[in-house]
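In: build me a model from this:
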Amino acid sequence: MSKKTKTIFRISIVLNILFVGIVAGGFFKMNHVTERVLIYNVAGNLLTLYVLITEQTENNWTNPGLVTMKMEDLAMGVSLSGNVGAESKILSKEELNTLMDLQVYLGGRFNLFVKDLPERYSDISEKEKEEYEKIAKILSDIFEDDTNEDISTDSVMKLVEDLVENLD
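Out: Okay, the predicted model is just below:
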């Protein structure tokens, strides 16, 4: 090989290694973004929902709109997480199905986004209160059993799977 060919070959190898590094870095960033979306929009909303339901139960449901708003946040967060996970190809089909199961449950049980705004946040039915309290009990059991301090995509999906298994 001539000196010119060797130089071009070496430059090509360096550029290919650089390209592989950029692609791998992009993949890791996308994985990180998907994980953050799941943690904030699903796990964070579930934990806050649990706290709000517990407080409202203790206070005789003096402000049920807080729970309704957080439930809507959770439903939107589950939807967003599923979309991001599907588009990034980070979540498996089973994980996406689990998120969809939770979303269907939430939408079917609580008529989210259906009622007019003032009515939606001012009062909830006894049936809805019972459903909220059921979810709080399930979440309490899950949080008690969970000794894992590492929050990751896997731990969030385990939380959602446990919740979906215990609903209905």
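
In: which of the helices and strands in this protein ranks last by mean pLDDT?
Out: Within the chain, no helix or strand scores below helix 117-122, which has a mean of 64 by mean pLDDT, DSSP states H and E.

In: tell me how far the spatially most central residue of the chain lies from Leu99.
Out: Residue closest to the mean C-alpha point of the chain, counted by CA atoms, centre = their mean, is Val42 at 3.0 Å. For Val42, the distance to Leu99 equals 8 Å [CB to CB, to the nearest Å]. No exception for glycine: its C-beta is placed from N, CA and C like everyone else's.

In: and what of Val20?
Out: For Val20 relative to Leu99 (CB to CB), the value is 32 Å.

In: more crowded one of the two?
Out: Leu99 (27 against 10; other CB atoms under 10 Å).

In: quick one, what contacts the more buried one?
Out: Contact criterion CB atoms under 8 Å, 6 or more residues apart in numbering gives Val42, Val78, Ser81, Gly82, Gly85, Leu91, Val160 as the residues in contact with Leu99.

In: the protein: helices as residue ranges?
Out: 3-38, 45-58, 64-88, 93-110, 117-122, 126-145, 153-166 (DSSP state H).

In: the ones you listed: lowest mean pLDDT?
Out: Of all these, the minimum mean pLDDT falls on helix 117-122 (a mean of 64).

In: touching stretch 74-88 from outside, list them.
Out: Contacts of stretch 74-88 with the rest of the structure, by CB under 8 Å, 6+ apart, involve 30-31, 33-34, 37-38, 40-42, 44-46, 49, 90-91, 95-96, 99-100, 102-103, 106-107, 112-113, 160.

In: what do you get for stretch 4-11?
Out: So stretch 4-11 is contacted by Met1 (CB under 8 Å, 6+ apart).

In: likewise for stretch 22-30?
Out: Contact partners of stretch 22-30, identified using CB under 8 Å, 6+ apart, comprise Ser88, Ile90.

In: how does it look with 6 Å?
Out: When contacts are taken as CB atoms under 6 Å, 6 or more residues apart in numbering, the neighbours of stretch 22-30 outside the stretch itself are Ser88.

In: quick one: buried residues of it?
Out: Along stretch 22-30, not one residue counts as buried under the neighbour rule (16 or more other CB atoms under 10 Å).
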